[in-house]
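> just coords:
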């Protein structure tokens, strides 16, 4: 694994975590590919606009995202990240707390930056 690429992925993962905590839709817009496929913990398929709208409207409000067990695989211009997160927050006004595992596929965009092309979240039992 190239240390430079791994460092880039660690950095964009942290930038994503901070954007999720702040519901910073400008940064989320940069980090999510236009065609991103996101499968949430209920198996529902969402797109970029769904995710941005949920943060912008306050439907999702994340108070804490504590990462652990991060695994990164680099495959050329694609990186696969699996990270376990302890999440606390609200979804549609109801508490949304738990232990989740996020899997994200990062790819190099046409402008040369990393963005997420696919993501999946699952609850850890």
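Structure received. Just so you know, these numbers come straight off a predicted model, no measurement behind them.
> From the rest of the structure, what touches the helix or strand hosting residue 70?
Under the criterion DSSP states H and E, the helix or strand holding residue 70 is strand 60-75. For strand 60-75, the surrounding residues in contact (Cβ atoms under 8 Å, 6 or more residues apart in numbering) are 1-2, 5-6, 9-10, 13, 17, 20-21, 23, 54, 79-91, 96. Every residue, glycine included, has its C-beta placed from N, CA and C.
> In PyMOL, select just the buried ones from those.
Those of the contacts of strand 60-75 that meet the burial criterion (16 or more other Cβ atoms under 10 Å) are gathered into one PyMOL selection, given here:
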select buried, resi 5+9+13+17+20+23+54+79+81+83+85+87+89+96
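> What about the contacts of strand 60-75, which are in strands?
Among the contacts of strand 60-75, the ones falling in strands (DSSP state E) are 79-91.
> Looking at this protein, which helix is longest?
Longest among the helix segments of the chain by residue count, using DSSP state H, is helix 3-22.
> What residues sit buried inside whatever helix or strand comes next after it?
Scanning the chain past helix 3-22 towards its C-terminal end, the next helix or strand to appear is helix 25-31 (assignment: DSSP H and E). Within helix 25-31, the residues that qualify as buried by neighbour count (16+ other Cβ under 10 Å) are 25, 28, 29, 30, 31.
> you'd agree residue 55 is up against residue 23?
Yes - counting by Cβ atoms under 8 Å, a contact exists between residue 55 and residue 23, whose distance comes to 4.0 Å.
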